[in-house]
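I would like the atomic coordinates for the input below:
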Amino acid sequence: MSLLPYARQTIAEADVRALCAAARADYLTQGPGVAAFEAALARATGARFAVALNSGTAALHAAYAAAGLGPGSALLTTAMTFAGTANAALYLGASVRFADVDPGTALLDPGALPDDPRVRVLAPVHLTGQVAEMERLAAIARRRNWVIVEDGCHALGAEYQTADGQWHAVGACHHSAMCCFSFHAVKHITTGEGGAVTTNDESCYRAMLRFRTHGITRDSAELTCDEGPWYYEQQELGFNYRLTDLQCALGQSQLKRLGAFVERRRALAARYDAALAARPEVRPLAVPAGSRGSYHLYVVRVPAQLRRLLFEEMRNLGIGVNVHYLPVYRHPYYQRHGFADVHLPQAEQYYAEAITLPLFPAMADSDVDRVAQSLAMAFERVTAAAGA
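Take a look at the predicted model:
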């Protein structure tokens with residue numbers, strides 16, 4: 001029986017041709033392909049600037065640094081995310097605080113945000129590709145003088161509606177200083193590994209350009225002196241977080257199909273919704289009001305006491321289910337570093353019940369039907385075994 005993975009990249013012949021053309025070009029890295037990809041991403045999201053980096057975590061690291069996060073300050077985020085969202089703050093010597101999630105959507109709950117004077121950056125995570133309550137979060141952040149950096153690594157192509165009826169693209173930064181994306185193989189578009197930050201703030205943009213290249217600048221407006229056309233300066237301690245022209249060629253080619261990728265993800269999610277509607281013991285995550293998600297993941301919640309048995313049975317049936325995520329504070333590193341007593345009840349409940357079902361653009365409608373049928377079969381087997 002063939003395994004249906006929970007996610008898979010979609011590479012077309014056009015992508016292969018773009019990679020081959022980039023491989024034959026004069027620059028494999030630090031060439032014009034990077035700026036071309038950044039410009040295309042800025043157009044796609046509606047942001048003024050985009051900075052390409054070599055991973056989504058590097059994007060978060062750069063954005064947090066540009067936001068002024070560091071020793072003595074704190075990041076506030078959700079525990080229901082990949083560890084990189086929090087880790088990038090620790091890299092800067094900052095501390096991390098976690099807030100609980102909404103019981104229906106598993107997104108950051110604006111009503112659960114502590115008013116901590118140490119918080120410098122608030123990082124809402126658009127989990128699964130649905131959009132957190134950005135308008136409400138932005139109002140809180142303004143009152144508390146927090147900088148919002150969106151973790152949009154699941155949400156390229158998503159949109160949200162504000163109280164005035166306007167729709168805003170994730171990445172346009174209408175309610176944030178910066179927004180971070182990931183281009184890992186299973187994301188909406190891929191560069192293999194890669195990431196980016198979008199922003200409308202020129203000072204943040206220039207800070208991130210330096211940050212990704214060792215803190216070095218060649219910009220004559222930023223140099224302390226000018227010794228000749230060769231001259232550059234390391235003005236800060238930065239990192240080598242550059243994305244190559246090869247990767248940017250793949251990303252630019254993929255970006256042309258972003259709309260089609262997102263529409264297919266939405267169609268598959270709608271088919272799942274219909275297929276699972278008759279099963280009250282299977283609860284898809286609630287869609288927040290005003291969110292037009294891009295469905296990086298399709299997560300359902302099942303009875304906690306059955307979750308592991310169902311997971312293993314689905315794997316036995318050839319369905320590559322997964323779980324997203326273990327609350328960050330439960331990882332051993334965090335347990336050893338001050339988080340042993342943290343317990344967020346909604347995050348814990350979500351984690352105990354969550355199963356991620358396969359979802360990627362190349363899936364056929366029949367694949368969704370197979371997953372739904374397999375889930376029904378898994379329930380029958382598990383409940384029969386429990387009653388035996």
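
run a quick neighbour tally on Gly56.
By the measure other Cβ atoms under 10 Å, the count of residues near Gly56 is 27. C-beta here means a position set from N, CA and C on the backbone, and glycine is covered the same way.

tell me if I'm right that it and Phe183 touch.
Yes. The pair Gly56 / Phe183 is scored as a contact, 7.5 Å apart, by Cβ atoms under 8 Å.

what's the overlap in contacts for the two?
Gly194, Gly195 (Cβ atoms under 8 Å, 6 or more residues apart in numbering).

spell out the residue ranges of the strands in the stretch 251-388 of the chain.
With strands called from DSSP state E, counting those that start in this stretch, the stretch 251-388 of the chain shows them at 283-284, 291-292, 298-301, 354-357.

JSON lines for these, including mean neighbour count?
Shown next, in JSON lines, are those (neighbours: other Cβ atoms under 10 Å):
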{"stretch": "strand 283-284", "mean neighbour count": "16"}
{"stretch": "strand 291-292", "mean neighbour count": "20"}
{"stretch": "strand 298-301", "mean neighbour count": "22"}
{"stretch": "strand 354-357", "mean neighbour count": "24"}
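
out of these, flag the one nearest Leu258.
Among the strands of the stretch 251-388 of the chain, strand 291-292 comes nearest to Leu258, with 14.1 Å by Cβ to Cβ.

direction included, what does the closest one pair against?
Partners of strand 291-292 in the sheet, by DSSP bridges, are strand 159-161 (antiparallel).

now the strand it pairs with: buried residues?
Residues of strand 159-161 classed as buried: Glu159, Tyr160 (neighbour count, 16 or more other Cβ atoms under 10 Å).

so where's the protein shaky on pLDDT?
Applying pLDDT under 70 to the chain flags residues 1, 388.

repeat that for 80
Within the chain, the set of residues satisfying pLDDT under 80 comprises 1, 386-388.

for it, what spans make up the helices?
13-23, 32-45, 56-66, 84-91, 134-144, 202-211, 245-255, 258-276, 307-316, 332-334, 345-353, 365-387 (DSSP state H).

any idea which of these is most buried?
Across the helices of the chain, the average number of neighbours (mean count of other Cβ atoms under 10 Å) peaks for helix 56-66, which reaches a mean of 29.

now Phe37. Nearest residue, chain neighbours left out?
Of all residues beyond its chain neighbours, the one nearest Phe37 is Cys248 (3.7 Å), with distances taken as Cβ to Cβ, 6 or more residues apart in numbering.

domain map for the chain?
The chain breaks down by automatic domain parsing into domains covering 13-255, 258-387.

next one: the longest one to chain centre, how far?
In terms of Cα atoms, centre = their mean, to the nearest Å, the centre of domain 13-255 is found 10 Å from the chain centre.

report the central residue of the protein.
A centroid search over the chain (Cα atoms, centre = their mean) returns Cys153, at 1.7 Å, as the residue closest to the centre.

so how far is Gly195 from the residue lying closest to that residue once chain neighbours are set aside?
Distance criterion Cβ to Cβ, 6+ apart; nearest residue to Cys153, sequence neighbours excluded, is Ser182 at 3.8 Å. Per Cβ to Cβ, to the nearest Å, Ser182 is found 5 Å from Gly195.

ok so, going back, list the contacts of the residue nearest to Phe37.
Cys248 touches Ala22, Gly33, Val34, Ala36, Phe37, Glu38, Ala52, Thr191, counting by Cβ under 8 Å, 6+ apart.

Asp226 against Ser220, yeah?
Yes. Under the criterion of Cβ under 8 Å, Asp226 makes contact with Ser220 at 6.4 Å.

just to revisit the earlier point, what's the most distant pair in the contacts of Cys248?
Within those, Ala22 and Glu38 form the most distant pair, 15.0 Å apart (Cβ to Cβ).

next up, the contacts around Pro303.
Going by Cβ under 8 Å, 6+ apart, Pro303 touches Glu281, Glu353.

Leu375 is in contact with Met314, isn't it?
Yes. Assessed by Cβ under 8 Å, Leu375 is found in contact with Met314 at 6.7 Å.

re earlier: turn the helices of the chain into TSV, columns for distance to Thr128.
Below are the helices of the chain laid out as TSV (distance: least, Cβ to Cβ, whole Å):
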stretch	distance to Thr128
helix 13-23	25
helix 32-45	19
helix 56-66	15
helix 84-91	14
helix 134-144	16
helix 202-211	26
helix 245-255	20
helix 258-276	9
helix 307-316	17
helix 332-334	22
helix 345-353	11
helix 365-387	16
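
compare the ones you listed and give me the one nearest His175.
Closest approach to His175 among the helices of the chain is made by helix 134-144 (3.8 Å; Cβ to Cβ).

elements contacting the closest one?
Counting contacts by 3 or more Cβ pairs under 8 Å, 6 or more residues apart in numbering; DSSP states H and E, helix 134-144 packs against strand 119-123, strand 147-151.

can you rerun that using 6 Å?
The helices and strands touching helix 134-144, judged by 3 or more Cβ pairs under 6 Å, 6 or more residues apart in numbering; DSSP states H and E, number zero.
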